[in-house]
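Chemist: Starting from these lines, generate the structure:
(chains A and B)
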Amino acid sequence: MTPDLKVRIAALELPNPVMLASGTCGYGLEMVPHGNIAGIGAVVVKGLSLLPSKGNPPPRIVETPSGMLNSIGLENIGLEAFLADKLPKLRRIGARVIVNFYGSCRDDYRELAARLDGVEGVVALEMNISCPNVERGGVLIGQEPEEVHKAVSAVRGATKLPLLVKLTPNVTDIRVTARAAADAGADALTLINTLQGMAVDVETRRPALARIVGGLSGPAIRPVAVRMVYQVRQALAIPIIGCGGIWTARDALEFLIAGATAVQLGTVNFTHPDRWVDVLSGIEGYLARHKLERVTDLIGSLES
Amino acid sequence: MLLNIRAARRLTGDFHILELDWPAGMAEPQAGQFVMVRTREGTDPLWRRPLGVHDVRRIRGVVVLSLLFQVVGPTTRDLSGLAPGAKLDLLGPHGRGFRLDAAEHWLVSGGRGLAPLFYVARILHRTGVPCRAFLGGRSAEHILRARELERLGCRVEIATDDGSLGRRGLVTALVERALERIAERRRAGVMILACGPHGMLKAVAGIAAAKGVAARVSVDPLMACGRGLCLGCTVPGREGYRLACQHGPVFDVRDLNWNAE
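Modeler: Coordinates of the predicted model:
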């Protein structure tokens, strides 16, 4: 018997628990040459702002041991261009689209959420209050529990769509900001965005990134992400989407067992654009091997 | 996809060439495009590495892709150890290549910068369009495939930093002098195609502007994905940032901002 991969995150029903993470799959359409993106649980598109943003100066990326640092700075085409040029194509393909969005102030967040509310073809919103690479908004909101509460409340009041809030790991206790987001009406939490990091070119004695500090992603951060998913799962009832360094089906299973209802593949898409296919079949094989009928039987099943 | 390695050989020093059977039915790589390769399982190194399309030939009906590389890190070290019969994990081709629409083309390379230019010489040889090559490098060991370029009808000039082959000095000085020696009317038909270190490309941009000739360069910033997902490989353009993997890697020198830090 084929195991049932369906998951439910608040009102959001997905055929399987595997998503592509924002900022690693373009606007979804870039992944079309690598597989039928309608088969992905959901595609979380590149973080959108009200107006187009040109992002940070280069160099923006550097490779680190089993990871990478980035300082892209949320370069994006802006909400209007996305709705006009990208979303209709995504709808035709039948992809489930989650729109990641960010603002430089609370009003921006609210306006974006309001304008995306009820847009045909958008199944959920992912609020980004965790980008470490922008001057305003982003992580500056996400590190302060009171700011998190205010910003999420503002967005909650502006949309009926399922609301995911993507949190930063750059805090002392993830449970504090997680609780603030949950109390303010978030439907789910995406854990985690990148960890702040830095690399130096020792020959030139210059920072590897133009903005000096960037966000670390990739397998190097996976144990941190799994720990945070576990901690929040223990503390709160809100559904969690696990994200951080998933490279294989085994890694995705780790998150599900620790308490994530779904997972996002991020940095791996750069090296293996079709990896989501292998992760899905790997999860399916695992469930069959362990005689589990539903993937939901696995969620939070950690023995301890 | 996994490609079969048909031949592998060392050129000089750290420089090697791999020849791969290109799968039938796949879009044929174009001059100036690149592919993304990886040699190891696991996550170190994390990224694939971009390599320019060095040459494309048809051998008994099979399209054969050549890649020229210098051993500089783990991936290229692995590549240098691959033997015929082995497989290489490769994605591509990616990017926008060279448009070959001038009356004559001058290829300007620094070291392994010859990689994406060689195939241009082959195409021009086939179509009978005049082609010259200016090869620069640290020493004789860094001057690659000069004889083959001559066989493809290129007039070849060489400059090395240490004078061990050709003139001592910068390859761009050779280009500048050659431009001064031709009539202004002929200059209007010259297209410079260059690939090499940033300083060399910047000098080419300066010479092109000063002498009123057209020039296109192939740039090589760090790349994670090679196809517009990560937005990491930006280069400063005349108007905003450009993505090397999507808008390039080949750019008209006038479309880039050479004064950006």
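
Chemist: For the rest of this, base every contact and every neighbour count on C-alpha atoms.
Modeler: Fine.

Chemist: What ranges in the chain fall below the confidence cut-off?
Modeler: No chain specified, so I'll use chain A. Under the criterion pLDDT under 70, the flagged ranges of chain A are A:1, A:135-137.

Chemist: you looked at the wrong chain, it should be chain B
Modeler: For chain B, the stretches flagged by pLDDT under 70 are B:261.

Chemist: How is the residue of chain A most remote from its centre assigned, secondary-structure-wise?
Modeler: Largest separation from the mean C-alpha position in chain A: A:Glu203, at 35.2 Å (Cα atoms, centre = their mean). Judged by DSSP: H, G, I helix; E, B strand; the rest coil, the three-state class of A:Glu203 is coil.

Chemist: how far away is it from A:Glu147?
Modeler: As for A:Glu203, its distance to A:Glu147 is 41 Å (criterion: Cα to Cα, to the nearest Å).

Chemist: Also B:Ala210?
Modeler: Separation of B:Ala210 from A:Glu147 (Cα to Cα): 55 Å.

Chemist: Of the two, which one has the most company?
Modeler: Applying other Cα atoms under 10 Å in any protein chain shown to B:Ala210 and A:Glu147 shows that A:Glu147 carries more neighbours, namely 18 against 10.

Chemist: Contact partners for the more buried one?
Modeler: A:Glu147 is in contact with A:Ile141, counting by Cα atoms under 8 Å, 6 or more residues apart in numbering or on different chains.

Chemist: ok now the one helix or strand it maps to, how far from the chain's centre?
Modeler: Assessed by DSSP states H and E, A:Glu147 sits inside helix A:145-156. Distance of helix A:145-156 from the chain centroid (Cα atoms, centre = their mean, to the nearest Å) equals 18 Å.

Chemist: Which residues of the stretch 101-250 of chain A lie near chain B?
Modeler: By the rule Cα under 8 Å from any Cα of the partner chain, the part of the stretch 101-250 of chain A lying against chain B is A:Pro219.

Chemist: Closest residue of the stretch 101-250 of chain A to chain B?
Modeler: Residue of the stretch 101-250 of chain A nearest chain B, by Cα to the nearest Cα: A:Pro219 (7.4 Å).

Chemist: would you list every one of the helices in chain B?
Modeler: Taking DSSP state H as the criterion, chain B contains helices spanning B:74-80, B:118-127, B:146-151, B:171-180, B:184-187, B:198-211.

Chemist: deepest of these, which one?
Modeler: helix B:118-127 (a mean of 19; mean count of other Cα atoms under 10 Å in any protein chain shown).

Chemist: next one: it to chain centre, how far?
Modeler: Offset of helix B:118-127 from its chain centre (Cα atoms, centre = their mean): 13 Å.

Chemist: now what about that helix, what contacts it?
Modeler: B:Ala31, B:Val53, B:His54, B:Asp55, B:Val56, B:Phe98, B:Pro130, B:Cys131, B:Leu149, B:Leu152, B:Gly153, B:Cys154.

Chemist: tell me the contacts of B:Ala205?
Modeler: By Cα under 8 Å, 6+ apart, B:Ala205 lies in contact with B:Ala215, B:Val253, B:Arg254, B:Trp258.

Chemist: just to revisit the earlier point, who are the neighbours in contact with the residue of the stretch 101-250 of chain A closest to chain B?
Modeler: Applying Cα under 8 Å, 6+ apart to A:Pro219 gives the contacts A:Ser66, A:Gly67, A:Gly244, A:Gly245, A:Ile246, A:Trp247, B:Thr43.

Chemist: So which residues on the stretch 1-150 of chain B come close to chain A?
Modeler: Counting by Cα under 8 Å from any Cα, the stretch 1-150 of chain B sits next to chain A at B:Thr43, B:Asp44, B:Pro45, B:Leu46, B:Trp47, B:Arg48.

Chemist: Including neighbour count, could those go into TSV?
Modeler: Shown next, in TSV, are the residues of the stretch 1-150 of chain B next to chain A (neighbours: other Cα atoms under 10 Å in any protein chain shown):
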residue	neighbour count
B:Thr43	16
B:Asp44	15
B:Pro45	19
B:Leu46	23
B:Trp47	27
B:Arg48	23
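
Chemist: between these, which is closest to B:Pro93?
Modeler: B:Arg48 (13.2 Å; Cα to Cα).

Chemist: wait, doesn't that closest one sit right on B:Cys225?
Modeler: Yes: contact criterion Cα atoms under 8 Å: B:Arg48 and B:Cys225 qualify, at 7.3 Å.

Chemist: list the residues that contact both of the two?
Modeler: Applying Cα under 8 Å, 6+ apart, one finds that B:Arg48 and B:Cys225 are jointly contacted by A:Thr271.

Chemist: what about the strands in the stretch 201-304 of chain A?
Modeler: Using DSSP state E, counting those that start in this stretch, the strands of the stretch 201-304 of chain A run over A:206-207, A:213-217, A:240-243, A:262-265.

Chemist: elements contacting the first one?
Modeler: Meaning strand A:206-207. Helices and strands touching strand A:206-207, by 3 or more Cα pairs under 8 Å, 6 or more residues apart in numbering or on different chains; DSSP states H and E, are strand A:200-201.

Chemist: which residues does B:Pro197 contact?
Modeler: Contacts of B:Pro197 (Cα under 8 Å, 6+ apart): B:Gly110, B:Gly113.

Chemist: tell me the contacts of the residue lying closest to A:Leu161 once chain neighbours are set aside?
Modeler: Distance criterion Cα to Cα, 6 or more residues apart in numbering or on different chains; nearest residue to A:Leu161, sequence neighbours excluded, is A:Ala124 at 5.4 Å. For A:Ala124, the contacting residues are A:Leu12, A:Val97, A:Ile98, A:Val99, A:Leu161, A:Pro162, A:Leu163, A:Leu164, by Cα under 8 Å, 6+ apart.

Chemist: how about a cut-off of 6 Å?
Modeler: Contacts of A:Ala124 were listed using Cα atoms under 6 Å, 6 or more residues apart in numbering or on different chains, and they are A:Ile98, A:Leu161, A:Pro162.

Chemist: Could you dump those residues into JSON lines and include neighbour count and secondary structure?
Modeler: Output for the contacts of A:Ala124, formatted as JSON lines (neighbours: other Cα atoms under 10 Å in any protein chain shown; DSSP: H, G, I helix; E, B strand; the rest coil):
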{"residue": "A:Ile98", "neighbour count": "25", "secondary structure": "strand"}
{"residue": "A:Leu161", "neighbour count": "23", "secondary structure": "coil"}
{"residue": "A:Pro162", "neighbour count": "21", "secondary structure": "coil"}
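
Chemist: Can you tell me which of these lies closest to B:Glu180?
Modeler: Taking Cα to Cα as the measure, B:Glu180 lies nearest A:Ile98 of the contacts of A:Ala124, at 58.4 Å.

Chemist: wait, the closest one sits on A:Gly41?
Modeler: No: with contacts counted by Cα atoms under 6 Å, A:Ile98 stays clear of A:Gly41, the gap being 10.2 Å.

Chemist: Tell me what the nearest residue to A:Gln196 once chain neighbours are set aside is bridged to.
Modeler: Leaving aside its sequence neighbours, A:Gln196 sits nearest to A:Gly215 (Cα to Cα, 6+ apart; 4.6 Å). Beta-bridge partners of A:Gly215, counted by DSSP bridges, are A:Asn70, A:Gln196.

Chemist: So A:Gly215 sits against A:Asn193, correct?
Modeler: No: under the criterion of Cα under 6 Å, A:Gly215 is not in contact with A:Asn193, lying 8.2 Å apart.

Chemist: Who has more neighbours out of those two?
Modeler: The neighbour comparison of A:Gly215 against A:Asn193 (other Cα under 10 Å) goes to A:Asn193, with 27 against 19.

Chemist: Looking at chain A, what residue ends up closest to chain B?
Modeler: When scored by Cα to the nearest Cα, chain A has A:Phe270 as its residue closest to chain B, at 4.2 Å.

Chemist: Could you measure from the closest residue to that residue other than its chain neighbours over to A:Thr24?
Modeler: Nearest non-adjacent residue to A:Phe270, counting by Cα to Cα, 6+ apart: B:Cys225, 4.2 Å away. Using Cα to Cα, one gets 9 Å for the distance from B:Cys225 to A:Thr24.
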